[in-house]
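Q: After the sequence you'll find the predicted model.
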Amino acid sequence: MIKTFIPAIAGVALLGACATATPYQAASPNDRGYSNQRIEQNRFIVSFSGNSLTDRQTVETYLLYRAAELTVQSGYDHFHMVRRATDADTSFVPVGGSYAPYYSHFSPYYRFYGPRGRRIGYPHYWDRWGYYDPFWGAPSEYREVTRFEASAEILMGNGPKPDDPAYFDASDVMANLGPTILRPAA
């Protein structure tokens, strides 16, 4: 019984991990998160992309936090948002139905005559209940899924922050947004 219970618990934990918003983390080929690219000594392009469970406000907050964190790591005091954009990628995914990409009764064999003129394959569209359509059971409902990605070009500087709303004090941003940042579970 324990041999079947442990994989079941592991499967539920894995499913639960997939059903969470993107945490504040570096992006990888398999996961979403933040990324940055240096353009000049004090200029970067910073971006944060979230999954379908990460809302727009969270994506933009994580982008701002990453810009502040990068500014402090680079030895600067403040940063200026030169350019900022948030893109939404919306798609529709099927909900319900019994469609599977590898239909269990569908056979890809078609009529083919080999070198000696014998039939080697035949279509398998009949089962014990009669003819069926291999695409039967396709979903009739779709759910809208939106993923957000925010990006900004930032220009870093030292000294007192200019009196302009496009300039941010990096240490203040980190202190104020830090408690709201969700980091990945270790």
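A: Structure received.

Q: does the residue lying closest to residue 45 once chain neighbours are set aside sit in a helix or strand, and which one?
A: Excluding the flanking residues, the one nearest residue 45 by CB to CB, 6 or more residues apart in numbering is residue 37, at 4.9 Å. In this view, the C-beta of every residue, glycine as well, is placed from N, C-alpha and C. Element membership of residue 37 [criterion: DSSP states H and E] is strand 34-40.

Q: one step back: is the residue nearest to residue 45 in contact with residue 44, as I believe?
A: Yes - applying CB atoms under 8 Å, one finds residue 37 in contact with residue 44, separated by 6.6 Å.

Q: Compare the two and say which is more crowded by neighbours.
A: Of the pair residue 37 and residue 44, residue 44 is the one with more neighbours under other CB atoms under 10 Å, namely 21 against 10.

Q: What strand or helix carries that one?
A: Assessed by DSSP H and E, residue 44 sits inside strand 43-49.

Q: Which other helices and strands does that strand contact?
A: strand 34-40, helix 56-73, strand 141-157 (3 or more CB pairs under 8 Å, 6 or more residues apart in numbering; DSSP states H and E).

Q: can you list contacts of it?
A: 22, 27, 32-39, 59-60, 62-63, 66-67, 70, 82, 147-156 (CB atoms under 8 Å, 6 or more residues apart in numbering).

Q: Which pLDDT value does the model give the nearest residue in space to residue 53 that is not next to it in sequence?
A: Spatially, and ignoring its direct neighbours in sequence, residue 53 is nearest to residue 21 (4.4 Å; CB to CB, 6+ apart). With respect to pLDDT, residue 21 has a value of 90.
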